[in-house]
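Chemist: Sharing a model that was predicted from the sequence below.
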There are 2 protein chains.
Amino acid sequence: MREVFVDGVGMTKFGKFPDRSLVDLMVEASQRALQDSTSDSVEAIFVGCQNPEEFTSEANIAVNVADALGMAGLPAYRVETASSSGASVLEAAFYAVASGRFNRVLVVAGEKMTHLPTPRVTKILAEVIERYERNSGASMVALAAMVTQAYAHFAGLKRSRLEHVLCKIAVKNHRNGAMNPFAQFQRQITEDEYFNSRIISYPLRLYDCAPITDGAAALVLTNQRTDVKISGVGHGTDTIAVRHRAYLHHFNAARIAAREAFKMANRAPEEVHFAELHDAFTCFEIIGAEDIGLFEEGKGWKAVERGDTEIDGKFPINPSGGLKSRGHPVGASGLAQAVEIVWQMRAMVSKERQVKRNDVALLHSIGGMSNNNVVVIFEKPGVPLGKGFSFNREISDVSKHRGDPIRVGEFGILDAYTVLNVPPEGFPSPLVLGLVSVPSGHRILARALNPVQFKVGERVFVSKEEDTFYFVRPNALEKAMLSARRTLRKLKLSLKWRMR
Amino acid sequence: MREVFVDGVGMTKFGKFPDRSLVDLMVEASQRALQDSTSDSVEAIFVGCQNPEEFTSEANIAVNVADALGMAGLPAYRVETASSSGASVLEAAFYAVASGRFNRVLVVAGEKMTHLPTPRVTKILAEVIERYERNSGASMVALAAMVTQAYAHFAGLKRSRLEHVLCKIAVKNHRNGAMNPFAQFQRQITEDEYFNSRIISYPLRLYDCAPITDGAAALVLTNQRTDVKISGVGHGTDTIAVRHRAYLHHFNAARIAAREAFKMANRAPEEVHFAELHDAFTCFEIIGAEDIGLFEEGKGWKAVERGDTEIDGKFPINPSGGLKSRGHPVGASGLAQAVEIVWQMRAMVSKERQVKRNDVALLHSIGGMSNNNVVVIFEKPGVPLGKGFSFNREISDVSKHRGDPIRVGEFGILDAYTVLNVPPEGFPSPLVLGLVSVPSGHRILARALNPVQFKVGERVFVSKEEDTFYFVRPNALEKAMLSARRTLRKLKLSLKWRMR
């Protein structure tokens, strides 16, 4: 493969821009990147966008952008991998330059979301969720909340400590964002503000979630040597359904992506100086850092507590403010991460936001409910290689875990649950969803029959009515009934009985 | 660049499949292609689809397909360029293999459309049209009808001869499709049936338009030598608005794509033995054949009249039946063309459908209203080169023609018009739309004030009310009024006056 370098980069401010169109934003970002480049001429345009059709009723977006740039005529492509579209369009453009087909290409990614009411945005975003889970009331935040619980359980984090860690991430990212003139939220938040923000989907609060944002980012890729080289690109997927995953507490797709990127770069995680990670939900920042090999599994939260991930820490994460504070125009975020990395590597940000070591950086982008993930490694050409490729995270064979049980076992283990205070239309509030491992080896997404306080890891009874699974903490009578039913079954008798 | 070859290919039957999902169809096509391959293992999945979000409420389609194939884990990308998505995903995958990143990739493209009511499908498809034109009532067929008129005017084709030529294309493609077990319409049509089909948008009849279709196609690309090589790939764009084009009678984007593809293949149009062209509307088949250099400009219709484009003719076009008869699942069509080409090159189709000369073939795919076009050249490895690259179609600097006039000139030339019998909701029926060149050098899309019979090339008066342009054939009084207004203006006086 030919070597691929980054020439100019640029982005719009992220935020709410009621008077500007998606195409406007992409044009501004493109023009900034072109002005920042050694030449404003390119041979092709690669556009990343998650869903312009439903957010803006605009299709054929690649040509819309090319035309608005006065570049109609050039090849123009759109690449979409849900919320990692900004990273995977960089990847597709990388291959096109690496192949020798093009010497200079413009890569631009954007999304326009804030003009729609929040429930509509939530509904559009939820289309990336597997249909059964979506129809069961699982929104992105509900699934993220369950992953957060599964992580906490895996890491042995009690509730108060988990909340403290998540709060630290939110406060840190807002502190960084406050120094980033391109961030949506340029203000710090206090721990009090964090803890006073409402719980959206237990245990996630409003301040654990990236906002709804408009914005665009762009860069120029070239085969001509510059001061920033893309040395590794990796991409991994996972089952569309969260319940079919090998595990819930980490993201297999991110591990695959990281492994492939380090392999291509011939480097190891220890060589990375700083990273931009996909913190669509605070906990994803720790999980992501562990997935890519920066911290030991289940130990990333300690690094957060120690302050290692601060800009002046040992290992700065999201000096931009991350998705949390810079904002999250879904299709744009992956490329905005690249822009921040290049700015940091070129020491073009304000002094207080500048990371100290900036030779090798990593971009980690999550698509969908973390099943379409991309990792990109950037380095200064000439930085010596270390001991070569190594990557020691376990990667599962995800394909074994698909499917749902035909019959439901009588009990299961609650792997994670969440309490949705504002569930999607048509569901009771609060809606308690749980992921339950059943004896057949499957994991099911079930609704709690009544909203009691559950504990991850506890034994629950599961039932099925029509297409919906339910779970419940059994009381003494139910335990006795179930035991009786088991006995009757052994005697080839049946007992018609439904749980509450 | 590394050489890239086609291993196995496969597709679903095209048609209406109310009981099958988009993902089902893509899985079937993929499995057929994998079974047809030397190995069923691949390293990445490239998915082409125009708009699964709005057609099927399914996003993150690449992962949906990977997961359903049991291949979750592998990198999976979606590429979208409107109705050329099936061809541009092949292109993106080509670069990824050519770069050396992957040695074997699965390329699959599909669309599911027939479950929605036709007006809804029309509305979704219309999102690829520039917003002003769309809001003026211009649907895909209306714009295609105007292009058809512009072509006829350019080629000096009178109405009856034009209709005869279009009929011949429809009859030929249905004849071919009748022999294609994968075609949606496996039946011949007669000239009478063609002429009895209703006019959708004058001069285009129902039988000039490709149908609404479900279906998917797939193939495996590899760096290992097979009997079919992809030797050239080209991609070109044009203004999003049809009125901003350098010309209406041909497609600049197709010419750019063809030039680039022939350049990469180091071949000339004369060396091509047969082609699959994007006949979403019958006239596009002639225009396309001229754009890629097969026939002289404005002379392609003579080749149709002579029967040169029949399967046993000098230059077979659309032996598959084309979009017209095989069907047009928008995102799938480009890749279905590739599948047909490979089958023809491997002599795997029935004897009566087999083209005689099959060493070098060309795929031509149109995205949107022909502003996102792809040309791919396939050849048998070892076929000697001719005199090298040549391509003699004029290509315009499309970027000069953007924008709309601020003031409207008082008269203009009617470049094309159409009569929409079933216009989009909210418009009067019939809706007469025209493209009018005005003295400022701009071309405007205008609505006729009254539905009289117009002639392409005639002089019309244009006016503007709010955002809408109107045109009218002036009567003697109006001519006098306009002349008076001009005089008054010279005298710095104004006359409040509106045309009918």
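Modeler: All right, it came through fine.

Chemist: Report the secondary structure state of the closest residue to chain B within the stretch 151-300 of chain A.
Modeler: Taking C-beta to the nearest C-beta, chain B has its nearest neighbour within the stretch 151-300 of chain A at A:H235, 3.6 Å off. All C-beta atoms are positioned from the backbone trio N, CA, C, and that covers glycine. Put simply, A:H235 is strand when judged by DSSP: H, G, I helix; E, B strand; the rest coil.

Chemist: Spatially nearest residue to it, not counting backbone neighbours?
Modeler: Distances taken as C-beta to C-beta, 6 or more residues apart in numbering or on different chains put B:P75 closest to A:H235, at 3.6 Å, once the chain neighbours are dropped.

Chemist: for A:V360, same thing?
Modeler: The shortest distance from A:V360 to any non-neighbouring residue, by C-beta to C-beta, 6+ apart, is to A:E379 (4.5 Å).

Chemist: partners of the residue of the stretch 151-300 of chain A closest to chain B in the sheet?
Modeler: The bridge-partner assignment for A:H235, based on DSSP bridges, gives A:V374.

Chemist: Surely the residue nearest to A:H235 is in contact with A:V233?
Modeler: No. Contact criterion C-beta atoms under 8 Å: B:P75 and A:V233 do not qualify, at 9.4 Å.

Chemist: Among those two, which residue is more densely surrounded?
Modeler: Counting neighbours by other C-beta atoms under 10 Å in any protein chain shown for B:P75 and for A:V233 shows that B:P75 has the greater number, 30 against 27.

Chemist: okay, that one: pLDDT?
Modeler: pLDDT recorded at B:P75 is 98.

Chemist: do the same with A:R32
Modeler: At A:R32, the predicted lDDT confidence score is 98.

Chemist: residues near it, how many?
Modeler: Residues near A:R32, counting by other C-beta under 10 Å, number 20.

Chemist: So what touches the host helix or strand of it?
Modeler: For A:R32, the host element (DSSP states H and E) is helix A:22-35. In this structure, residues lying in contact with helix A:22-35 by C-beta atoms under 8 Å, 6 or more residues apart in numbering or on different chains are A:8-12, A:17, A:40, A:42, A:47, A:49, A:52, A:55-56, A:58, A:61, A:64-65, A:68-69, A:106, A:108-112, A:214-220.

Chemist: same thing with stretch A:180-195?
Modeler: By C-beta under 8 Å, 6+ apart, the list of residues contacting stretch A:180-195 from outside reads A:11-16, A:163, A:167, A:170-171, A:174-175, A:177-179, A:205, A:207, A:211, A:213, A:215, A:320-321, A:325-327, A:336, A:340, A:349, A:353.

Chemist: which among those end up buried?
Modeler: A:11-15, A:163, A:167, A:170-171, A:174-175, A:177-179, A:205, A:207, A:211, A:213, A:215, A:320-321, A:325-327, A:336, A:340, A:349, A:353 (16 or more other C-beta atoms under 10 Å in any protein chain shown).

Chemist: Can you pull out the low-pLDDT segments for the stretch 351-500 of chain A?
Modeler: A:398-401, A:409, A:492-500 (pLDDT under 70).

Chemist: can you map out the helices along it?
Modeler: Counting by DSSP state H, counting those that start in this stretch, the segments of the stretch 351-500 of chain A that form helices are A:476-490.

Chemist: Now A:F154: which helix or strand?
Modeler: With DSSP H and E as the criterion, A:F154 is inside helix A:140-155.

Chemist: And the helix or strand that comes right after that helix, how far out from the chain middle?
Modeler: Towards the C-terminus, the helix or strand next in line after helix A:140-155, according to DSSP H and E, is helix A:159-178. Centroid displacement of helix A:159-178 relative to its chain, using C-alpha atoms, centre = their mean, to the nearest Å, is 17 Å.

Chemist: ok, the one residue sitting closest to the centre of chain A to A:G236 distance?
Modeler: With distances taken as C-alpha atoms, centre = their mean, the residue of chain A nearest its centroid is A:I366 (3.5 Å). Here A:I366 is placed at a distance of 11 Å from A:G236 (C-beta to C-beta, to the nearest Å).

Chemist: swap in A:V456?
Modeler: Computed as C-beta to C-beta, the A:V456 to A:G236 distance reads 26 Å.

Chemist: of the two, who's got more company?
Modeler: Neighbour totals were compared for A:V456 and A:G236, and A:G236 leads with 30 against 18 (other C-beta under 10 Å).

Chemist: Please name the residues that touch the more buried one.
Modeler: When contacts are taken as C-beta under 8 Å, 6+ apart, A:G236 is in contact with A:252-257, A:259-260, A:373, B:73-75.

Chemist: ditto for A:A218
Modeler: Shown here is A:A218, whose contacts under the criterion C-beta under 8 Å, 6+ apart are A:9-11, A:26, A:29-30, A:32-34, A:106-109, A:335, A:339.

Chemist: what does A:F284 give?
Modeler: Under the criterion of C-beta under 8 Å, 6+ apart, the contact list for A:F284 reads A:144, A:147, A:277-278, A:366, A:370.

Chemist: mind redoing it with 6 Å?
Modeler: For A:F284, the set of contacting residues under the criterion of C-beta atoms under 6 Å, 6 or more residues apart in numbering or on different chains consists of A:H278.

Chemist: Against chain B, how distant is the closest residue to A:F469 other than its chain neighbours?
Modeler: In this structure, A:F469 finds its nearest non-sequential neighbour in A:A446, 3.8 Å apart by C-beta to C-beta, 6+ apart. Noted for A:A446: a distance of 21 Å to chain B, by C-beta to the nearest C-beta, to the nearest Å.

Chemist: before we move on, the earlier item: for A:S83, state which of the contacts of A:A218 is nearest.
Modeler: Relative to A:S83, the closest of the contacts of A:A218 is A:A109; by C-beta to C-beta it sits at 10.8 Å.
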